[in-house]
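Participant: Need a 3D model of the following:
(one chain, ligands or ions: 2)
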Amino acid sequence: MFCYQCEQVSGGKACTRAGACGKSAEVAALQDLLVYSLKGLSLCAVRAGEMGIQDPDVDTFTVKALFSTLTNVDFDPERFEHLIRKSAELREALKEKLRKAGGDAAFAHESASYMPGAAREEMVKHGQAVCERVPDSSIGPDVQSVQDITLFGLKGIAAYADHAGILGRRDEKIYAFIHGTLAAMTRKDLGLNDWLALALKCGETNLRAMEILDEANTGSYGHPVPVPVPLGQKKGKAILVSGHDLKDLEEILRQTEGKGIYVYTHGEMLPAHGYPGLKQKYPHLYGHYGTAWQNQQKEFEAFPGAIVMTTNCLQKPRDSYRENIFTCGLVGWPGVRHIGDGDFTPAIEKALQMPGFAQDAPGAEVMAGFARNAVLGVADKVIDAVKKGKIRHFFLVGGCDGAKAGRDYYTRFVELAPKDTVILTLACGKFRFFDKKLGDIGGIPRLLDIGQCNDAYSAIQIALALSKAFNVGVNELPLSLVLSWYEQKAVAILLTLLYLGIKDIRLGPSLPAFITPNVLDLLVKNFGIRPIAATPEADLKAILG
Ligand code: SF4
Ligand code: SF3
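Facilitator: Residues are numbered from 1 along each chain as shown. Ligands and ions are numbered 1, 2, ... in the order given. Here you go, the predicted model:
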């Protein structure tokens with residue numbers, strides 16, 4: 001196997017025997033084969049699109065399949081086997097439509113004619129053979145690097161497009177870009193500049209994907225409002241919901257109404273408390289439990305109720321809670337019960353059988369819900385505070401959390417940030433400091449949780465509104481981005497920021513293994529992107545002078 005798509009990568013280079021995330025070599029090969037077969041499907045979809053033939057099933061399938069290959073989503077070989085077969089089936093059906101419309105259904109690239117064999121071992125072997133980076137890339141390391149950045153960005157887009165699609169929001173341009181780019185990956189004639197342009201286009205498309213997801217979330221559940229979220233527990237039965245999918249959370253809330261179960265959020269689900277259509281409508285959405293994904297084995301073990309994983313990040317479930325955890329949507333682990341039809345009865349029954357929390361345990365509170373509407377609602381106050389020098393600087397400290405050492409940089413950065421600075425945060429990286437009491441500046445909290453990783457869209461809108469108010473470009477604002485990355489949604493967001501021309505982003509805790517020195521050079525020259533310094537003190541000094 002060869003996988004280097006996330007920050008957890010073994011030895012800083014690639015996972016080659018088994019994934020540090022728990023992905024087996026078998027699943028890695030099947031994921032490679034799935035991506036390969038999607039290239040063939042996309043070749044057909046591009047040609048069909050040129051002839052005016054749209055196939056929404058192919059579009060939906062493509063984003064779901066790509067999202068399945070994102071880090072910490074699906075570890076189940078059986079599910080990948082099914083996806084690969086389905087991909088070939090859809091492709092052949094699309095070819096038939098092409099033929100019927102008088103089009104040419106022949107393609108030079110073999111991914112467009114690959115038929116999976118009957119046995120899984122055969123598929124695994126084929127997956128190993130099509131993993132183009134073994135032993136050497138045929139297109140050269142730099143083109144391979146930017147192509148991989150783009151592929152990983154596509155996976156991030158696919159995740160956000162899938163969430164938006166679940167809530168009924170689609171944009172055909174997003175699917176067309178994904179198909180066009182997957183199809184382009186079968187070509188050997190595209191050079192570094194072509195791929196750089198595609199990578200930036202990937203950032204642009206991801207902005208649109210995050211935008212329609214924002215429309216889907218706010219359209220379904222209202223604009224987030226600031227709310228205190230208890231970190232303590234309520235006496236009674238309990239369900240813990242993790243991941244990003246608000247629709248799944250809503251379903252669980254609806255199906256647990258009146259059953260005496262309190263629902264807790266975990267990880268990236270924390271911002272759900274800010275949505276009136278969830279928190280205000282369902283008072284049994286009680287509080288937040290635990291921290292970021294990499295602490296789940298310890299935290300889930302101690303949770304006295306059922307646990308539902310709606311999306312990434314899933315870790316190998318320990319035996320101690322294997323019977324209590326359920327996956328839904330695209331998440332999967334072999335042997336873990338999967339809820340594929342939106343009926344959460346098995347998880348609810350499990351929660352009712354389990355002890356729940358024996359008594360009330362009031363804990364601290366954190367604030368959630370500072371998305372764009374809430375922040376821009378007090379824009380006058382914020383602008384005034386900047387003009388009067390009460391707010392010296394804004395930092396966006398956020399992104400993915402992860403298991404490797406060195407991430408306490410972000411905790412210390414936030415602790416050390418001077419009292420006249422405001423910290424905006426989003427995604428699961430915030431769990432390094434989300435419960436810090438940073439106080440406020442004239443009533444404006446110094447720590448503003450904008451939401452999930454996809455709410456980078458909201459952060460961008462806040463930055464654009466401030467730049468308009470101050471009549472300067474975003475790069476001239478007293479704003480610095482100090483980001484942490486882990487998986488491929490972070491890659492997509494980074495490409496969006498580069499597409500928007502945002503400069504001087506600090507990225508850590510380590511730079512991606514898939515960026516070659518030459519490509520890094522290009523990013524440094526054109527965008528001023530840089531690794532975080534060895535200490536937060538050094539970066540704070542460099543930024544604030
Ligand atoms: Fe390794 Fe990350 Fe790939 Fe998992 S997803 S196999 S940890 S590089
Ligand atoms: Fe975290 Fe997995 Fe990326 Fe949505 S939950 S940010 S790592």
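
Participant: any idea which helix or strand comes after the strand or helix carrying Glu121?
Facilitator: Element membership for Glu121 (DSSP states H and E) is helix 120-130. Going down the chain from helix 120-130, the next helix or strand is helix 141-166, by DSSP H and E.

Participant: Please save the CA atoms from the very next helix or strand once past that next one in PDB.
Facilitator: Downstream of helix 141-166, the next assigned helix or strand under DSSP H and E is helix 172-184. Taking C-alpha atoms only, helix 172-184 is exported to PDB below (Å, rounded to 0.1, in the frame of the first residue of the first chain):
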ATOM      1  CA  GLU A 172     -24.300  20.800 -11.100                       C
ATOM      2  CA  LYS A 173     -21.000  22.800 -11.500                       C
ATOM      3  CA  ILE A 174     -19.500  21.100  -8.500                       C
ATOM      4  CA  TYR A 175     -20.200  17.600  -9.900                       C
ATOM      5  CA  ALA A 176     -19.000  18.700 -13.400                       C
ATOM      6  CA  PHE A 177     -15.700  19.900 -11.800                       C
ATOM      7  CA  ILE A 178     -15.200  16.700  -9.900                       C
ATOM      8  CA  HIS A 179     -15.800  14.600 -13.000                       C
ATOM      9  CA  GLY A 180     -13.700  16.800 -15.200                       C
ATOM     10  CA  THR A 181     -10.800  16.700 -12.800                       C
ATOM     11  CA  LEU A 182     -11.000  12.900 -12.200                       C
ATOM     12  CA  ALA A 183     -11.100  12.500 -15.900                       C
ATOM     13  CA  ALA A 184      -8.000  14.800 -16.300                       C
END
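
Participant: right, is the next helix or strand after helix 172-184 up against ligand 2?
Facilitator: Downstream of helix 172-184, the next assigned helix or strand under DSSP H and E is helix 192-221. No. Helix 192-221 stays clear of ligand 2 (Cβ under 6 Å from any ligand atom), getting no nearer than 11.3 Å. Every residue, glycine included, has its C-beta placed from N, CA and C.

Participant: what does stretch 1-10 give?
Facilitator: No. Stretch 1-10 is not in contact with ligand 2 by Cβ under 6 Å from any ligand atom; minimum separation 8.6 Å.

Participant: So what touches that stretch?
Facilitator: 13-21, 23, 25, 28-29, 31, 71, 128, 131, 133-134, 148, 152, 155, 400, 402-404, 485-488, 509-510, 512-514 (Cβ atoms under 8 Å, 6 or more residues apart in numbering).

Participant: Could you rerun that using 6 Å?
Facilitator: Identification of contacts with stretch 1-10 by Cβ atoms under 6 Å, 6 or more residues apart in numbering yields 14-16, 20-21, 25, 28, 71, 131, 133-134, 152, 402-403, 485-488, 513-514.

Participant: Ok, stretch 476-483 next?
Facilitator: With contact meaning Cβ under 6 Å, 6+ apart, stretch 476-483 is reached by 393-397, 399, 466-467, 505-507, 543.

Participant: out of those, who's nearest Met185?
Facilitator: Leu507 (24.7 Å; Cβ to Cβ).

Participant: Can you check the pLDDT for Asp136?
Facilitator: Reported pLDDT at Asp136 in the predicted model: 67.

Participant: circling back: what about the helix holding Glu121, distance to the chain center?
Facilitator: In terms of Cα atoms, centre = their mean, to the nearest Å, the gap separating the centre of helix 120-130 from the centre of its chain is 28 Å.

Participant: Quick one: mean pLDDT for that helix?
Facilitator: For helix 120-130, the mean confidence score works out to 95.

Participant: quick check, that helix touching ligand 1?
Facilitator: No. For helix 120-130, no contact with ligand 1 is found by Cβ under 6 Å from any ligand atom; the gap never falls below 13.6 Å.

Participant: how about low-confidence regions in this protein?
Facilitator: Filtered on pLDDT under 70, the chain yields the residue ranges 132-136.

Participant: The one residue in it that gets nearest to ligand 1: neighbouring residues, count only.
Facilitator: Ligand 1 sits closest to Gly19 of the chain, with a gap of 2.7 Å, by Cβ to the nearest ligand atom. Neighbour count for Gly19, taken as other Cβ atoms under 10 Å: 22.

Participant: That one belongs to a helix?
Facilitator: No. Assessed by DSSP: H, G, I helix; E, B strand; the rest coil, Gly19 does not belong to a helix; its assignment is coil.

Participant: Over to it: give its phi and psi.
Facilitator: Main-chain dihedrals, Gly19, degrees, to the nearest 10: phi -80, psi 140.

Participant: which one is Phe80 nearest to, not counting chain neighbours?
Facilitator: Of all residues not flanking Phe80 in the chain, Leu30 sits nearest, at 3.8 Å (Cβ to Cβ, 6 or more residues apart in numbering).

Participant: The one you found falls within a strand, correct?
Facilitator: No. Assessed with three-state DSSP, Leu30 is helix; it does not lie in a strand.

Participant: What is the neighbour count of it?
Facilitator: Using other Cβ under 10 Å, Leu30 is surrounded by 27 other residues.

Participant: care to break the chain down by domain?
Facilitator: The chain breaks down into these domains under automatic domain parsing: 10-220, 227-353, 372-544.

Participant: Make JSON lines from those and add distance to Gln359 to it.
Facilitator: Listed next are the domains of the chain as JSON lines, based on distance: least, Cβ to Cβ, whole Å:
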{"stretch": "domain 10-220", "distance to Gln359": "33"}
{"stretch": "domain 227-353", "distance to Gln359": "5"}
{"stretch": "domain 372-544", "distance to Gln359": "22"}
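
Participant: quick revisit: what's the ChimeraX syntax to select whichever of the contacts of stretch 476-483 are buried?
Facilitator: Per 16 or more other Cβ atoms under 10 Å, the buried members of those correspond to this ChimeraX selection:
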select :393,394,395,396,397,399,466,467,505,506,507,543
